[in-house]
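**Q** the following block contains a protein sequence and its predicted model.
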Amino acid sequence: MEEENVAKEEGSEIMPWINEKDCVGCGVCVENCPVGTISLENGVAIIDMVNCIHCGICHDICSEGAVKHDGEKIPDEVQANVTKTKEFMNSCAKYLGDSKEKQKCLNRMMKHFNKEKIVAEKTLEKLQMLKTE
Ligand code: SF4
Ligand code: SF4
């Protein structure tokens, strides 16, 4: 694979995932993945993310639009975080025997996600510095 084909315009570097419903098992992504980390299982492409280098080629060449961006999972991930927080709140109230624990739990979870946000922001700052190298 030529290097210019690997370089992608900004925004197309992705954490890819495959929507099984859209994959027709053509194998084009399998043939073109530069590190050979895509395989077909039961007629559907599967990515082994351990070896994926996030080049975006599979996303760009899939004619079915079956290879999706990480960004498309944001609503689901947000909802999962909300659901998990509600479960923790209920568990705190149940096991600590005080309904006030619900709000304490909520505050802890908000601190947790705020910490995650700060980690992401500071990581982005560091990554931005790599662009000048
Ligand atoms: S190129 Fe698209 S449709 Fe073909 S196997 Fe890969 S993900 Fe499935
Ligand atoms: S992003 Fe690149 S390395 Fe990762 S699965 Fe797709 S083609 Fe392979």
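**A** That came through, no problem. Ligands and ions are numbered 1, 2, ... in the order given.

**Q** what's the closest non-adjacent residue to the residue positioned nearest the centre of the chain?
**A** Nearest to the geometric centre of the chain sits Asp70, at 4.1 Å (Cα atoms, centre = their mean). For Asp70, ignoring the flanking residues on the chain, the nearest one in space by Cβ to Cβ, 6 or more residues apart in numbering is Met15 at 3.8 Å. The C-beta positions use only the backbone N, C-alpha and C, and glycine is treated the same way.

**Q** name the helices or strands packed onto the longest helix belonging to the chain?
**A** With secondary structure taken from DSSP state H, the chain has its longest helix at helix 100-130. Other elements packing on helix 100-130 under the criterion 3 or more Cβ pairs under 8 Å, 6 or more residues apart in numbering; DSSP states H and E are helix 74-96.

**Q** which positions in the helix it packs on come out as buried?
**A** 85, 88-89, 92-93 (16 or more other Cβ atoms under 10 Å).

**Q** likewise for stretch 35-55?
**A** Buried-residue list, stretch 35-55, by 16+ other Cβ under 10 Å: 37-38, 44-45, 47, 52, 55.

**Q** can I assume Val28 is in contact with Ile61?
**A** Yes. Between Val28 and Ile61 there is a contact under Cβ atoms under 8 Å: 5.8 Å.

**Q** do you know how far Phe88 is from Glu77?
**A** 16 Å (Cβ to Cβ, to the nearest Å).

**Q** nearest residue to Cys33 in space, please, no chain neighbours.
**A** Using Cβ to Cβ, 6+ apart, the closest residue to Cys33 is Cys58 (5.9 Å).

**Q** who's in contact with the one you found?
**A** 16, 29, 32-33, 38, 45, 47, 67 (Cβ atoms under 8 Å, 6 or more residues apart in numbering).

**Q** can you do 7 Å?
**A** Taking Cβ atoms under 7 Å, 6 or more residues apart in numbering, we find Cys58 in contact with 16, 29, 33, 38, 67.
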